[in-house]
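**Q** Below is the sequence, then the predicted model.
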Amino acid sequence: MQNTASPSIFTLQFWLLSLSSFLFFASFNMLIPELPGYLTTLGGAEYKGFIISLFTLTAGLSRPFSGRLTDRVGRVPVMAFGSIVCFICGFLYPIFTSVMPFLLLRLVHGFSTGFKPTGTAAYIADIVPATRRGEALGIHGMCASLGSALGPALGSYIAQIFSINALFYTSSFVALLSIAILFNMKETLADKKELSTEAFRITSRDVFDPTVFSPALVIFLTYFSYGAVLTLVPDFSDHLGISNHGLYFLVYTLTSLLIRFVAGKVSDRAGRVPVVIVGCCNLIVALVLTAYATTTFIFLGGAVFFGIATGILSPILSAWTADLSDDQNRGRAFATMYISMEAGIGIGAYLSAEIYDNRYENLPLAFLISAALGFAALIYSVVIYYLKKQSKTRVI
């Protein structure tokens, strides 16, 4: 592995990567608030849970391949492929105007997040010092979160002022900008291999790297709630009379921007697990508030705590994964992390939609189940913390 880490994280490569991630996350997130309503107009209201779960299914299934390709072919090609998928899918949504083709396209669209974040995480771990990973991933996460925040709000605005097709084309154009930036990125993988069939031969360790079991488990348990939020918040917004379905997303993501940088720096000094514990506590509060929200104020209060939780958990769990991985298999480690994430999001989206069943009185239960899994993550993290203090070694 080429040692390209600089004492400073503020390099041109880092900022180009952060800008590309901002555009990438804005591209596919701007669609999310409007897709449930759009699927309903196509006659597929009962399939709302598949909007997110199909997307994450493909993302999860592609992770072993993206991890293996990241460690063999290079970080940049893997990132570029993910952005290209977003670009193509944006143009296909207006063409696929019936339920089954739409769901098929959601399945294909999932390849985007199956590839780009894996290459991105490995790239960042390559170019920043290990002692500043939390800080670097926090800053990068701020950029990605800003895209995630502005995307839904902008997407709803475009759909309301212009049309849903204009939204799809805008999403595609933003993904194109993300690709253009990647052409200026210097590859960090020194021992690159030519693309061949061997690169696609997946083993069990490509699917799950046991060295990163702990962060992978916590990610699965906590990101179940993310699937619930993505799926149910648009309908919850309608129930409370909030016309802009992206408002909850905007509030929680902007809140996460304020906490990511601080949380990353604290974890570099105090350790990953103590900060993860704080994140789990905030997640539980967020989900309970959202579950019992009867006013816009309480609803957005839940969004604030959800933003604090995601602002802590996202960069810290990534840094924890990087800490436990080795240079030669860093792509595989991050693939494992993202497989767990996609599994949590996908299962959370599907089961939450099934529990909800288009009946508003079922919304609290769906969020409380997510809170219970967040509590399980909290208990596990506390146990890991005490085991780590006793052993004084890294915990897997």
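**A** Thanks, I have it.

**Q** Just give the closest residue to A335, not the sequence neighbours.
**A** G67 (2.6 Å; Cβ to Cβ, 6 or more residues apart in numbering). Every C-beta, even on glycine, is put in place using the N, C-alpha and C of the backbone.

**Q** Can you say which helix or strand has the one you found in it?
**A** helix 48-72 (DSSP states H and E).

**Q** Could you pull out the buried residues of whichever helix or strand comes after that helix?
**A** Next along the chain after helix 48-72, taking DSSP H and E as the criterion, comes helix 75-92. Under the neighbour-count criterion of 16 or more other Cβ atoms under 10 Å, helix 75-92 has 75-90, 92 buried.

**Q** Tell me who's in contact with M337.
**A** 121, 212, 215-216, 219, 317-318, 321 (Cβ atoms under 8 Å, 6 or more residues apart in numbering).

**Q** tally of neighbours for the residue nearest to A335?
**A** The number of residues packed near G67 is 33, by other Cβ atoms under 10 Å.

**Q** how long is stretch 232-247 end to end?
**A** Start-to-end span of stretch 232-247 (Cα to Cα, to the nearest Å) is 13 Å.

**Q** Tell me the secondary structure at Y123.
**A** helix (DSSP: H, G, I helix; E, B strand; the rest coil).

**Q** measure it to R260 for me?
**A** Counting by Cβ to Cβ, to the nearest Å, the gap from Y123 to R260 is 18 Å.

**Q** what does N362 give?
**A** 33 Å.

**Q** swap in Y169?
**A** In terms of Cβ to Cβ, Y169 sits 31 Å off from R260.

**Q** between the two, who's got more neighbours?
**A** Set Y169 next to R260 and count neighbours by other Cβ under 10 Å: R260 wins out with 29 against 16.

**Q** how about that one, what does it touch?
**A** 138-139, 141-142, 145, 311-312, 314-315.

**Q** what's the closest of these to L176?
**A** S145 (21.4 Å; Cβ to Cβ).

**Q** Tell me who's in contact with the closest one.
**A** 25, 253, 256-257, 260, 310-311, 314.

**Q** Now intersect those with the helices, please.
**A** 25, 253, 256-257, 260, 310-311, 314 (DSSP state H).

**Q** out of those residues, which one sits closest to G151?
**A** The closest of the ones in helices among the contacts of S145, once distances to G151 are taken by Cβ to Cβ, is F25, at 6.5 Å.

**Q** Neighbours of the closest one, how many?
**A** 27.

**Q** Okay, it and A144: tell me how far apart.
**A** Relative to A144, and taking Cβ to Cβ, F25 is found at 5 Å.

**Q** related to what we said a few turns ago, farthest pair within the contacts of S145?
**A** Of all pairs in the contacts of S145, the most separated under Cβ to Cβ is F25 and G311 at 14.3 Å.

**Q** Next, the contact list for S256, please.
**A** So S256 contacts 141, 145, 149, 307-308, 310-311, 314 (Cβ under 8 Å, 6+ apart).

**Q** repeat that with 6 Å
**A** By Cβ atoms under 6 Å, 6 or more residues apart in numbering, S256 lies in contact with 145, 307, 310-311.

**Q** Over to L177?
**A** L23.

**Q** now the angle from the helix or strand hosting it to helix 75-92?
**A** Using DSSP H and E, L177 sits in helix 164-182. Here helix 164-182 points in a direction 160 degrees away from that of helix 75-92 (axes from the mean of the first three to the mean of the last three Cα atoms, to 10 degrees).

**Q** quick one: helix 164-182 to chain centroid distance?
**A** 18 Å (Cα atoms, centre = their mean, to the nearest Å).

**Q** So for that helix, what gets flagged as buried?
**A** 164, 167-172, 174-179, 181-182.

**Q** Specify which member of those is nearest to R201.
**A** Of those, the one sitting nearest to R201 (Cβ to Cβ) turns out to be L182, at 26.4 Å.

**Q** From A80, how far out is the closest one?
**A** From L182 to A80 the distance is 5 Å (Cβ to Cβ).

**Q** what does D268 give?
**A** From D268 over to A80 (counting by Cβ to Cβ), the distance is 30 Å.

**Q** In contact with the nearest residue to F25 once chain neighbours are set aside, which residues are there?
**A** Excluding the flanking residues, the one nearest F25 by Cβ to Cβ, 6+ apart is G147, at 3.6 Å. Neighbour list for G147: 22, 25-26 [criterion: Cβ under 6 Å, 6+ apart].
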